[in-house]
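In: Predicted model and sequence below, questions to follow.
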Amino acid sequence: MVKRLILLLGDQLGPEVSALRDADPETDTIVMAEVRDEATYVPHHPKKIAFLFSAMRHRAEELRADGWRVLYTEYGDRENAGSIPGELLRRAEETGAGKVVATEPGEWRLIEALQDCPLEIEMRPDDRFLCSRRDFEAWAKGRKSLTMEWFYREMRKRTGYLMKDGQPEGGKWNFDHDNRKPAEASDLFRSDPMSFTPDEITEKVLDLVEREFPHNFGTRRPFDMAVTRGDARRALAHFVKRQLPEFGAYQDAMLVDEPHLNHALISPYMNAGLLTPQEVCDAVAEAYAAGGVPINSAEGFIRQVIGWREFVRGVYFLEGPDYPHRNRLNHQRALPPVYWGAETKMKCMEQAVGQTRDLAYAHHIQRLMVTGNFALLAGVDPAEVHEWYLSVYADAYEWVESPNTVGMSQFADGGVVASKPYVSSGNYISRMSDYCANCAYDVKQRTGADACPFNPLYWAFLDRHRERFESNHRMGQMYATWDRMEPDARKEILATAERVLKDLSDGKPV
Ligand code: FAD
Ligand code: DLZ
Ligand code: SF4
């Protein structure tokens, strides 16, 4: 019987990994490795590295306790080859293994590196998702455009989540209309997310991260993430009990110094494999069935997981390795220093970037309508925006991050993910948050030094890209409003936008 190595990557930490499926503890050896190539392909947030290294070390211990032979390479090990293929070669030589079994990685970069490795590698599909790559390709085939909502309805039928006698629970597929409530600072509905005290393994990893990655953007401590499947399941149960009932209503809300609101904070756990999308959706569907969770919350949450999460993965693999490098709007500006924590007068940016630095977390609307919106309006090179999002969030892997950033947020894929660009003036942020009430800028002004930068930049963006967007039926209203303004008013707005952009180019705080 040929000896085999079973490769487990840092985001393949659950029991449901295809590489492990027919493995035999008697003859097979598991390989796990903390390596320079994975830890440095972008400057990851220290919390993201600490979370993954600690979760990997805990998983290795669990596997050993279950009787597996695990060859685990720590970052500081002298023989560390520095890359996943390098580690496989070293371990193959050491053990005499003739074959490697791997689960397909979630990034083209690493898939290609494994394909180039001279060892025999059996690459198995990653079947931790509810829709396989092949099924997504079949769904997408022949469609003129890929609309998430149609995909989502198929997924509801296929999984049976929130379905009754073949019809959607509550009589509608989508309750988003009920999910746009701004939060009040005085609301009493919020409870803190679950937090976990670092154990000895995590403490050691936190010290390692401090030593090896001292200049990466982000705060390492306090660190309170779950690093085992058991704790991730506790975090899920806590969310379902405490936050889920109001999740829908406040899904799009933002409040000063309230980084979490009713969000689940489970994406790092799902993406690393500590939680499966099935068990997450089962828990939500069961809570709905038991009563006490309104349909708009249950449906809104399940749509994110069986809809958006599966959809973006399908798009990433369907579109191919060049996808993250697309730049259909030809935006060239360098990412402004505010994204790396430089001074800003914009309360919304200060809040979104500040909590990103401290927590490696921002919720969807902060990512999309604050930092993403600002980068798009300012014409930032999407490759730089992509690298930023891939670096700074604990849940970031290219399969999920790039369609959200390059597609949904920056429209750099020309409309594969979104049917129109997600741009807005300050008015949207004002409606959904208390940021503007606490800001140096005036959200009602479109011109002059006090004008909220989103306002002139919004109109300047529409003006700049008129040829591309004016025939988009979802944008006609915006162009009609722009055209109704007096020519002098339009000129003044464009001049204010120019000034904001020049300040950004000159490195002045905006
Ligand atoms: P909740 O708001 O509580 O939502 C529940 C779950 O739904 C999440 O845990 C997540 O698994 C899933 N989900 C929700 N929206 C999306 C979405 N658009 N795409 C995929 N899954 C979704 N999500 C990532 O997991 N990794 C990323 O790197 C990532 N990058 C993003 C970049 C941009 C520019 C934008 C706009 C969004 C990005 N998202 C990403 C999606 C979303 O912002 C996060 O999934 C969410 O904020 C995670 O926090 P949560 O667990 O509290 O989510
Ligand atoms: C993100 C990450 C980091 C920071 N470090 C490692 C590592 O040292 N070893 C490892 O196996 N995986 C790591 N990962 C996760 C991989 O980058 C991830 O598997 C690929 O990006 C594919 O999704
Ligand atoms: Fe952001 Fe403008 Fe509101 Fe200030 S006024 S918080 S810059 S949207």
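Out: Okay, I see it. Residues are numbered from 1 along each chain as shown. Ligands and ions are numbered 1, 2, ... in the order given.
In: all contacts plus neighbour counts: C-alpha atoms, from now on.
Out: Will do.
In: Next to ligand 2, which bits of the stretch 351-500 of the chain? Give me the list.
Out: Tyr397 (CA under 6 Å from any ligand atom).
In: At the contact with ligand 3, which residues of the stretch 351-500 of the chain appear?
Out: Residues of the stretch 351-500 of the chain that fall close to ligand 3, judged by CA under 6 Å from any ligand atom: Gly426, Ile429, Ser430, Tyr435, Cys436, Cys439, Tyr441, Asp442, Val443, Cys452, Pro453, Phe454.
In: what's the answer for the chain, then?
Out: That would be 346-348, 426, 429-430, 435-436, 439, 441-443, 452-454, which are the residues of the chain within reach of ligand 3 (CA under 6 Å from any ligand atom).
In: Mind telling me which residue of the stretch 101-250 of the chain is nearest ligand 3?
Out: Pro182 (14.0 Å; CA to the nearest ligand atom).
In: just checking, that residue touches Ser430?
Out: No. Applying CA atoms under 8 Å, one finds Pro182 not in contact with Ser430, separated by 9.4 Å.
In: what helix or strand does Glu310 sit in?
Out: Using DSSP states H and E, Glu310 falls within helix 310-319.
In: next one: His386
Out: helix 382-392.
In: What residues does this protein have near ligand 2?
Out: 9-11, 33-35, 38-39, 49, 105-107, 397.
In: Which member of those residues is positioned nearest ligand 1?
Out: Using CA to the nearest ligand atom, the shortest approach to ligand 1 within the residues of the chain next to ligand 2 belongs to Tyr397, at 5.4 Å.
In: still on that earlier bit, any chance of the residues of the stretch 351-500 of the chain next to ligand 3 in TSV, with neighbour count and secondary structure too?
Out: Below are those laid out as TSV (neighbours: other CA atoms under 10 Å; DSSP: H, G, I helix; E, B strand; the rest coil):
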residue	neighbour count	secondary structure
Gly426	25	helix
Ile429	23	helix
Ser430	17	helix
Tyr435	21	coil
Cys436	22	helix
Cys439	15	coil
Tyr441	18	coil
Asp442	18	strand
Val443	22	coil
Cys452	26	coil
Pro453	29	coil
Phe454	27	helix
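In: near ligand 1, which residues of the stretch 201-350 of the chain?
Out: His263, Ala264, Leu265, Ile266, Ser267, Phe301, Gln304, Val305, Trp308, Arg309.
In: Spit out the contact partners of the residue of the chain found nearest ligand 3.
Out: In the chain, the residue that lies nearest ligand 3 is Cys436 (3.5 Å; CA to the nearest ligand atom). Cys436 makes contacts with Lys347, Cys348, Ile429, Ser430, Asp442, Val443, as judged by CA atoms under 8 Å, 6 or more residues apart in numbering.
In: what about 10 Å?
Out: Contact analysis of Cys436 by CA atoms under 10 Å, 6 or more residues apart in numbering lists Val256, Met346, Lys347, Cys348, Gly426, Asn427, Ile429, Ser430, Asp442, Val443, Lys444, Cys452.
In: Show me the contact partners of the worst-scoring helix or strand of the chain on mean pLDDT.
Out: Every helix and strand of the chain was ranked by mean pLDDT, DSSP states H and E. The lowest is helix 244-247, at a mean of 93. Identification of contacts with helix 244-247 by CA under 10 Å, 6+ apart yields 179, 189-190, 236-240, 261-264, 284, 287-288, 291-298, 300-301.
In: which stretches of the stretch 101-250 of the chain have low pLDDT?
Out: Residues of the stretch 101-250 of the chain meeting the criterion pLDDT under 70: 188-189.
In: could you redo the last one with a cut-off of 50?
Out: Scanning the stretch 101-250 of the chain for pLDDT under 50 picks out nothing.
In: which residues touch the one residue in it that gets nearest to ligand 2?
Out: Across the stretch 101-250 of the chain, the shortest distance to ligand 2 (CA to the nearest ligand atom) belongs to Gly106, at 3.6 Å. By CA under 10 Å, 6+ apart, the contact list for Gly106 reads Leu9, Asp11, Gln12, Asp126, Asn271, Arg313, Tyr316, Phe317, Tyr397, Glu398, Trp399, Val400.
In: In three-state terms, label the third one for me.
Out: On the three-state scheme (DSSP: H, G, I helix; E, B strand; the rest coil), Gln12 is labelled coil.
In: which residues touch it?
Out: 18-19, 56, 59, 102-106, 126, 128, 270-274.
In: which phi and psi does it have?
Out: Main-chain dihedrals, Gln12, degrees, to the nearest 10: phi -130, psi 60.
In: Surely Gln332 is in contact with Ala412?
Out: No. Assessed by CA atoms under 10 Å, Gln332 is found out of contact with Ala412, at 11.6 Å.
In: what sits in contact with each of the two?
Out: Contacts common to Gln332 and Ala412, judged by CA under 10 Å, 6+ apart, are Asp381, Pro382, Ala383.
In: re the thing from before, filter the residues of the stretch 351-500 of the chain next to ligand 3 down to the ones close to ligand 1.
Out: For ligand 1, no contacts are drawn from those by CA under 6 Å from any ligand atom.
In: Tabulate the residues you listed in JSON lines, adding columns for distance to Gly160.
Out: Putting these into JSON lines (distance: CA to CA, whole Å) gives the following:
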{"residue": "Gly426", "distance to Gly160": "40"}
{"residue": "Ile429", "distance to Gly160": "36"}
{"residue": "Ser430", "distance to Gly160": "38"}
{"residue": "Tyr435", "distance to Gly160": "40"}
{"residue": "Cys436", "distance to Gly160": "42"}
{"residue": "Cys439", "distance to Gly160": "46"}
{"residue": "Tyr441", "distance to Gly160": "48"}
{"residue": "Asp442", "distance to Gly160": "48"}
{"residue": "Val443", "distance to Gly160": "44"}
{"residue": "Cys452", "distance to Gly160": "46"}
{"residue": "Pro453", "distance to Gly160": "45"}
{"residue": "Phe454", "distance to Gly160": "42"}
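In: Could you dump these into a markdown table and include pLDDT?
Out: Shown next, in a markdown table, are these (pLDDT from 0 to 100):
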| residue | pLDDT |
| --- | --- |
| Gly426 | 98 |
| Ile429 | 97 |
| Ser430 | 97 |
| Tyr435 | 97 |
| Cys436 | 98 |
| Cys439 | 98 |
| Tyr441 | 98 |
| Asp442 | 98 |
| Val443 | 98 |
| Cys452 | 98 |
| Pro453 | 98 |
| Phe454 | 98 |
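In: need the contact list for Pro421.
Out: For Pro421, the contact set (CA under 10 Å, 6+ apart) comprises 373, 376-377, 407-412, 414-415, 469, 474-475.
In: and which of these is nearest to ligand 1?
Out: Closest to ligand 1, out of all of the contacts of Pro421 and judged by CA to the nearest ligand atom, is Ser409, at 5.2 Å.
In: For that closest one, give me its contacts.
Out: 367-369, 371-376, 382, 385-386, 402-403, 417-418, 420-423.
In: From the contact counts, what lies against the helix or strand following the least confident helix or strand of the chain?
Out: Using DSSP H and E, the next helix or strand after helix 244-247 towards the C-terminus is helix 267-272. Judged by 3 or more CA pairs under 10 Å, 6 or more residues apart in numbering; DSSP states H and E, helix 267-272 is in contact with helix 46-65, helix 229-238, helix 277-289.
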